[in-house]
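[1] Return a 3D structure for these sequence lines:
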Amino acid sequence: MFCRGILIFAMLFVIAGSVYAQSPEPGMLFLYPERIILKDGGFFNAERGMMFVPVNRSKTNSTVIAVEVYRFKRSEKANPKTPPIFYLHGGPSFGGLERPLERLGAFEEQWLPFLDISDVVVVSQRGIGPSKPTTIIETTTEPLPPDQPYDDEKAVSEFQQVLAREKAIWEELGLDLSGFTVIEAAADVNDVRKALGYKKVIIWGGSFGSHWGMVLMRTYPQIVERAIFRGMEGPNHTYDHPGHLWNVYKRVAEEAENAPELKGLIPEGGLIKAIQAVIKRVEEKPFKVTVTNPGTNEPQDVLFDAASIKRLARGYSPGLPAWPADVITLYNGDFSKAAERAVRRYQNSGRSFRAASYWILDCGSGITQERLAEYKADPAVKIIGLGSWGYLAGCPVWGSDLGDEFRQNFENDIPTVIVQGTWDTSTPYENALELVPYFKNSKFIPVIRGPHGAIRAAMRASVKFRRGIMHFAATGDMSDLPDKVEMPRVDWVIPESGKKKGKK
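    This is a model prediction of the structure:
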């Protein structure tokens, strides 16, 4: 079943095909004025529009699709010789700028400071969000209730059937899904650059945006003046390494175990051994916890077994400062809060929507078999699981793999600043450690306790870093950048058992 917006667009797409003699030519860019309301009154005049690009540049007479583009023009303070900043969002799940810019103050906070450096251009991700056609339909079955064991074979089969239906629908509309790869997305950026008349660009990207940016650097090195990356996702990093993800929790555990406010609450042997003990107990003897379902106000049984306990190893409360409290609570045998959160998650999950482009962009990048074997053999799998179920189950449906040659790291000498949080639970710190040696003209800045959004966090925490990164963006000079940034100490969440003992 389509969501309503997709049905409407599909009808318009067909109607448009019957009304107009021909589609827009590839390379055409239409921009129109966009007024952004400023927090303190007045407007900022931006440009917004659509860039028409081929779906698959390797095929003649390829279908044309549209990629949304925003441009914010530089201020009078900016050096007119500085190349524009091309901002590459993560995901791939970029929903566009329209809604974020409706929040008063958002433009001034995120975009206005960069206009003293140069123009800023934001290119959307093909097939996602405001880019058209947006390849979104329903792609998941109903979530399993929290008292039902996870059946891998059944879940994989149902999941693949849904994805196969999605693929067939878009192919019936004449869309060549094989073109929705990050290589084509990099070519979109280059086409926007040419259409806007820029010779070179500055890349600013994070997470999938860094992955996207690296493909741009490898494919079109002559157009990249310099780059700024955070949340590194290299050519072979689309699937997260379980051992590297678990290393984040080891770092958190080390700090939490020395925190005065948690003194006397840490189980003997530490937090890592504590969660391992919890996993062993539950695997040996699964059990159910009965809580009240907030939707029905009826009792609800929640099963804790070998599969579910691995999902709990990374905590059930939001934020890393709560993870030690979650581990302590589970170790002490209290699963009530974890059960309540499982029921609420199920109650609020409803249906989820993913773009076909999301799947193909990530599945195309894929993983080498050697790296996948390394992941499966990592000891952390016994604690947090492999974590790549969606990819392993879903990617075979799409047939978009770009091959192992694409997944090889590559050397370059483009001036690059790499900023990585040591507490990044989305793209682990070790990703950056692996990639930095390939960037021969780079500055690597670890952000101690830094999250996935390490650049923004570091800019808030360090005036020196903020000045240095903006100076690098403007000039390419790395000399003002610090060797590292340290985020403030954490305010740890105190478990209920600690509060009862008088801890605050």
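
[2] ok, longest strand in this protein?
    When the chain is parsed with DSSP state E, its longest strand is strand 43-54.

[3] Downstream of that strand, the next helix or strand is which one?
    Next helix or strand after strand 43-54 toward the C-terminus (DSSP states H and E): strand 64-72.

[4] Quick one: mean pLDDT over that next one.
    Strand 64-72 shows a mean pLDDT of 96.

[5] and that strand with strand 43-54, angle?
    Counting by axes from the mean of the first three to the mean of the last three CA atoms, to 10 degrees, strand 64-72 points 160 degrees away from the direction of strand 43-54.

[6] Now do strand 64-72: distance to the chain's middle.
    Its chain's C-alpha centre and that of strand 64-72 lie 21 Å apart, by CA atoms, centre = their mean, to the nearest Å.

[7] packing partners for that strand?
    On a contact count with 3 or more CB pairs under 8 Å, 6 or more residues apart in numbering; DSSP states H and E, strand 64-72 meets strand 29-37, strand 43-54, strand 120-123, helix 182-196. In this view, the C-beta of every residue, glycine as well, is placed from N, C-alpha and C.

[8] Output those in CSV, with mean neighbour count, mean pLDDT and distance to residue 113 appended to each entry.
    Formatted as CSV, the entries for these read as follows, by neighbours: other CB atoms under 10 Å; pLDDT from 0 to 100; distance: least, CB to CB, whole Å:
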stretch, mean neighbour count, mean pLDDT, distance to residue 113
strand 29-37, 14, 95, 15
strand 43-54, 19, 96, 13
strand 120-123, 23, 98, 10
helix 182-196, 21, 97, 21
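
[9] could I get the ones you listed as a markdown table with distance to residue 486?
    A markdown table is the format used below for these (distance: least, CB to CB, whole Å):
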| stretch | distance to residue 486 |
| --- | --- |
| strand 29-37 | 35 |
| strand 43-54 | 35 |
| strand 120-123 | 29 |
| helix 182-196 | 33 |
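
[10] OK, contacts around the residue nearest the centre of the chain?
    A centroid search over the chain (CA atoms, centre = their mean) returns residue 91, at 3.6 Å, as the residue closest to the centre. Going by CB atoms under 8 Å, 6 or more residues apart in numbering, residue 91 touches 125, 128, 207-208, 358.

[11] And for residue 277?
    Contacts for residue 277 (CB under 8 Å, 6+ apart) come out as 267, 331.

[12] Is it in a helix, a strand, or coil?
    With DSSP: H, G, I helix; E, B strand; the rest coil as the basis, residue 277 sits in helix.

[13] ok, which stretches of the stretch 101-250 of the chain are helices?
    Shown for the stretch 101-250 of the chain, the helices assigned by DSSP state H, counting those that start in this stretch span residues 106-110, 152-172, 182-196, 208-219, 242-256.

[14] Can you check the pLDDT for residue 160?
    Residue 160 is given a pLDDT of 88.

[15] coming back round to it: identify whichever of the helices and strands packed on strand 64-72 lies nearest to residue 242.
    helix 182-196 (23.2 Å; CB to CB).

[16] what packs against that closest one?
    strand 29-37, strand 43-54, strand 64-72, strand 85-88, strand 120-123, helix 208-219, helix 356-365.

[17] Tabulate these (a markdown table), appending distance to residue 473.
    Formatted as a markdown table, the helices and strands packed on helix 182-196 follow (distance: least, CB to CB, whole Å):
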| stretch | distance to residue 473 |
| --- | --- |
| strand 29-37 | 21 |
| strand 43-54 | 19 |
| strand 64-72 | 14 |
| strand 85-88 | 7 |
| strand 120-123 | 10 |
| helix 208-219 | 14 |
| helix 356-365 | 26 |
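
[18] quick one: which of those is nearest residue 408?
    helix 208-219 (9.7 Å).

[19] For residue 313, see how far away residue 124 is.
    According to CB to CB, to the nearest Å, residue 124 and residue 313 sit 36 Å apart.

[20] quick revisit: name the surrounding residues that touch the longest strand of the chain.
    23-38, 62-73, 107, 112, 123, 126, 132, 179, 184, 187-188, 191-192, 195.

[21] about what we covered before: with pLDDT added, can I get the contacts of residue 91 in a markdown table?
    Compiled in a markdown table, those are given as follows (pLDDT from 0 to 100):
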| residue | pLDDT |
| --- | --- |
| 125 | 96 |
| 128 | 91 |
| 207 | 97 |
| 208 | 97 |
| 358 | 89 |
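
[22] Show me which of those is closest to residue 80.
    residue 125 (29.4 Å).

[23] you'd agree that closest one is up against residue 89?
    Yes: the criterion here is CB atoms under 8 Å, and residue 125 meets it with residue 89 at 7.0 Å.

[24] of the two, who's got more company?
    Per other CB atoms under 10 Å, whichever of residue 125 and residue 89 has more neighbours is residue 125, with 30 against 22.

[25] List the residues that contact the more buried one.
    Neighbour list for residue 125: 67, 89, 91-94, 131, 185, 212, 357, 361 [criterion: CB under 8 Å, 6+ apart].

[26] Weed out the non-buried ones from these.
    In terms of neighbour count (16 or more other CB atoms under 10 Å), the buried residues within the contacts of residue 125 are 67, 89, 91-94, 131, 185, 212, 357, 361.

[27] which of those sit farthest apart?
    Within the buried ones among the contacts of residue 125, 67 and 93 form the most distant pair, 15.1 Å apart (CB to CB).

[28] ok, and the most crowded of the contacts of residue 91?
    Top of these by neighbour count (other CB under 10 Å): residue 125, with 30 neighbours.

[29] show me where the stretch 351-500 of the chain has strands.
    353-355, 416-421, 442-448, 485-486 (DSSP state E, counting those that start in this stretch).

[30] Now tabulate the ones you listed in a markdown table and tack on mean pLDDT, mean neighbour count and distance to residue 378.
    A markdown table is the format used below for the strands of the stretch 351-500 of the chain (pLDDT from 0 to 100; neighbours: other CB atoms under 10 Å; distance: least, CB to CB, whole Å):
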| stretch | mean pLDDT | mean neighbour count | distance to residue 378 |
| --- | --- | --- | --- |
| strand 353-355 | 71 | 20 | 27 |
| strand 416-421 | 98 | 26 | 20 |
| strand 442-448 | 98 | 21 | 23 |
| strand 485-486 | 98 | 20 | 29 |
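
[31] Fine by me, thanks again.
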